[in-house]
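J.: how would this look folded up:
(chains A and B)
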Number of protein chains: 2
Amino acid sequence: MDFQDYFPIWDKLNTIQQNKMLGSLMTRNVHKGTMIHSGSADCTGLLLIDSGQLRAYILSDTGREITLYRLFDRDICLFSASCMLRSIQFEVTIEAEKDTRLWIIPTEIYKSIMEESTAVANYTNELMAARFSDVMWLIEQIMWKSLDKRVAAFLLEEASIEGTATLKLTHETIANHLGSHREVITRMLRYFQNEGMVRLSRKTVEITDARKLKQLCDE
Amino acid sequence: MDFQDYFPIWDKLNTIQQNKMLGSLMTRNVHKGTMIHSGSADCTGLLLIDSGQLRAYILSDTGREITLYRLFDRDICLFSASCMLRSIQFEVTIEAEKDTRLWIIPTEIYKSIMEESTAVANYTNELMAARFSDVMWLIEQIMWKSLDKRVAAFLLEEASIEGTATLKLTHETIANHLGSHREVITRMLRYFQNEGMVRLSRKTVEITDARKLKQLCDE
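T.: Numbering: from 1, shown residues only, chains lettered A, B, ... in the order given. Presented below is the predicted three-dimensional model:
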């Protein structure tokens, strides 16, 4: 597929804007585990995912992490170009969770088009509102949901993304997604195992009773 | 002061847009404690605060609260018009924390101007980015800061807003701001009192050692 087919409001750009965008576009293939964007240090540009998976997270001073949201095929990553919005006062880290092929729209090009096109400006509004909704969902999870439900929901989400019940995940990785500690996750997973919901082996969590896990989430 | 002096990008509207906005404007005086906007049920419009103070918060199913941010003179409240953005999938409640005088710009009027004016669309982007930054700050507080530091920071913020060290606040109110429970806050405040940082009496928290409270925050 071409960029034109993936960029959602391509038809709303005029020919000059289309050429400007196409002319400045870069494609990049990144391996799983690559840090694509780190805080406010760099202003990488907007990322449009052709195929793959990205994770946006924040880091504490002491190295703790929590996942804000994930991006999949056809998603656009706005915060890798956060320098173009003066009012963004936070730092997001973005890494490839899978081998990813993406297009980069340079920040200054996107910004210049956004300043003259209401379609692009309003599309950017919708993009930010979508990410804002992800983060509000996360706050509600952190504030009102107990950790057992959050771990159960995370395992089910992973199984759905990966299309398998056998998840290659360390306890550390789960802790980093959920903003928790490895020891706490280990204890929780052992409890799940005792309840027959998962089977644990080295670097693997196998879901053995998805229905029970789902019930726990919905309680 | 007139609306024209308060609306930050007034000069970037053309005469038609200016007249459209002025012609549809409503002014409202709300008393302290008034619920101005509740979830997605109503789409009140954008609020521009002439004078007063608003609080935006979320509510759990069981009635727990946590404050997302506060708005003061000259601030604009975007989420009372969240229905104009398709991608906003969360519900915010907005109440007056003080007697407040405000202007309401009807949602459909603002939206129609935003769809034709890049200045308004990009200004809306900055507004959303500013609130997004508030919420990201909140997540960092919840995730990485212990509650004693958060209570200390809240008391100092209140003292700064109110211009007094004698705060009219119930423990319940503090709990609702911080997403905590009354009992937990009571225990924390008693600890602060034993440490000589505050003096507690009925519905009042008096800060007696602001420096020590500040030290606790910065540790």
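
J.: alpha carbons only for contacts and neighbour counts from here, please
T.: OK.

J.: Point to the residue nearest the middle of chain A.
T.: Chain A has residue A:70 as the residue nearest its centroid, 1.8 Å off, counting by CA atoms, centre = their mean.

J.: pLDDT wise, what is that residue at?
T.: In the predicted model, residue A:70 carries a pLDDT score of 96.

J.: Quick check: neighbours of the lowest-mean-pLDDT helix or strand in chain A in the sheet, parallel or antiparallel?
T.: Every helix and strand in chain A was compared by mean pLDDT, DSSP states H and E; the lowest is strand A:35-38, with a mean of 92. Counting by DSSP bridges, the strands paired with strand A:35-38 are strand A:93-96 (antiparallel).

J.: average pLDDT for the partner strand?
T.: Here strand A:93-96 scores 96 as its mean pLDDT.

J.: I'd say residue A:197 and residue A:214 touch.
T.: No. With contact defined as CA atoms under 8 Å, residue A:197 does not count as touching residue A:214 (9.9 Å).

J.: near chain B, which residues of chain A show up?
T.: Applying CA under 8 Å from any CA of the partner chain, we find that chain A lies next to chain B at A:60, A:85-90, A:114-119, A:121-122, A:124-130, A:132-133, A:136-137, A:139-140, A:143-144, A:179.

J.: Now go through the residues you listed and say which are in helices.
T.: Residues of those located in helices (DSSP state H): A:114, A:118-119, A:121-122, A:124-130, A:132-133, A:136-137, A:139-140, A:143-144.

J.: Need the buried ones from those residues selected in PyMOL.
T.: To isolate the buried ones among those in PyMOL, judged by 16 or more other CA atoms under 10 Å in any protein chain shown, type:
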select buried, chain A and resi 114+118+119+121+122+124+125+126+127+128+129+130+132+133+136+139+143
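
J.: residue ranges of the helices in chain A, please?
T.: Taking DSSP H as the test, the helices found in chain A are A:3-6, A:15-24, A:107-114, A:118-144, A:147-162, A:171-178, A:182-194, A:210-218.

J.: Would you mind putting these into JSON lines with mean pLDDT alongside?
T.: What follows is those, written out as JSON lines (pLDDT from 0 to 100):
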{"stretch": "helix A:3-6", "mean pLDDT": "94"}
{"stretch": "helix A:15-24", "mean pLDDT": "97"}
{"stretch": "helix A:107-114", "mean pLDDT": "96"}
{"stretch": "helix A:118-144", "mean pLDDT": "96"}
{"stretch": "helix A:147-162", "mean pLDDT": "96"}
{"stretch": "helix A:171-178", "mean pLDDT": "96"}
{"stretch": "helix A:182-194", "mean pLDDT": "95"}
{"stretch": "helix A:210-218", "mean pLDDT": "94"}
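
J.: Residue A:50: which of those is closest?
T.: Residue A:50 lies closest to helix A:3-6 among the helices of chain A, at 7.8 Å (CA to CA).

J.: ok, for residue A:113, nearest residue in space, not its chain neighbours?
T.: Closest residue to residue A:113 apart from its sequence neighbours, by CA to CA, 6 or more residues apart in numbering or on different chains: residue A:17 at 6.7 Å.

J.: How much space separates residue A:36 from chain B?
T.: With the distance defined as CA to the nearest CA, to the nearest Å, residue A:36 ends up 20 Å from chain B.

J.: Equivalent analysis for residue A:171, please.
T.: Residue A:171 is 19 Å from chain B, where distance means CA to the nearest CA.

J.: now swap in residue A:42 and tell me
T.: In terms of CA to the nearest CA, residue A:42 sits 18 Å off from chain B.

J.: OK, contacts around that residue?
T.: Applying CA atoms under 8 Å, 6 or more residues apart in numbering or on different chains, we find residue A:42 in contact with no residue.

J.: please redo it, this time with the cut-off set to 10 Å
T.: Applying CA atoms under 10 Å, 6 or more residues apart in numbering or on different chains to residue A:42 gives the contacts A:36, A:80-83.

J.: try residue A:126
T.: A:120, A:132, B:84-88, B:125.

J.: nearest to residue A:148, of those?
T.: Distances from residue A:148 to these, taken as CA to CA, are shortest for residue A:132 (24.7 Å).

J.: hang on, isn't that closest one packed against residue B:87?
T.: Yes. If you go by CA atoms under 10 Å, residue A:132 and residue B:87 touch, sitting 8.8 Å apart.

J.: Number of residues surrounding residue A:187?
T.: By the criterion of other CA atoms under 10 Å in any protein chain shown, residue A:187 has 12 neighbours.

J.: Could you measure from it over to residue A:181?
T.: 10 Å (CA to CA, to the nearest Å).

J.: Find residues that contact each of the two.
T.: residue A:171.

J.: what's residue A:101 in contact with, if anything?
T.: Residue A:101 makes contact with A:27-31, A:47-53, A:73, according to CA under 10 Å, 6+ apart.

J.: And for residue A:62?
T.: Taking CA under 10 Å, 6+ apart, one finds residue B:144 in contact with residue A:62.

J.: State the pLDDT value of it.
T.: pLDDT, residue A:62: 88.

J.: Would you agree residue A:79 is in contact with residue A:46?
T.: Yes. Applying CA under 10 Å, one finds residue A:79 in contact with residue A:46, separated by 7.5 Å.

J.: which residues are in contact with stretch A:210-218?
T.: A:145-146, A:148-156, A:159, A:165, A:192, A:195-198, A:207.

J.: What's the PyMOL syntax to select whichever of those are buried?
T.: To isolate the buried members of these in PyMOL, using 16+ other CA under 10 Å:
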select buried, chain A and resi 148+149+150+151+152+153+154+155+156+159+165+192+197+198+207
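
J.: just to revisit the earlier point, in the sheet, who's paired with the residue nearest to the centre of chain A?
T.: With DSSP bridges as the rule, residue A:70 is bridged to residue A:55.

J.: Might one say that it is in contact with residue A:55?
T.: Yes. The pair residue A:70 / residue A:55 is scored as a contact, 4.5 Å apart, by CA under 10 Å.

J.: what sits in contact with each of these two?
T.: Residues touching both residue A:70 and residue A:55 by CA under 10 Å, 6+ apart: A:77, A:94-97.

J.: before we move on, back to that, which one of residue A:79 and residue A:46 has more residues nearby?
T.: Taking neighbours as other CA under 10 Å, residue A:79 and residue A:46 compare with residue A:79 leading, 26 against 21.

J.: Nearest spatial neighbour of the more buried one, chain-adjacent residues omitted?
T.: In space, and not counting its chain neighbours, residue A:79 is closest to residue A:92: 7.1 Å by CA to CA, 6+ apart.
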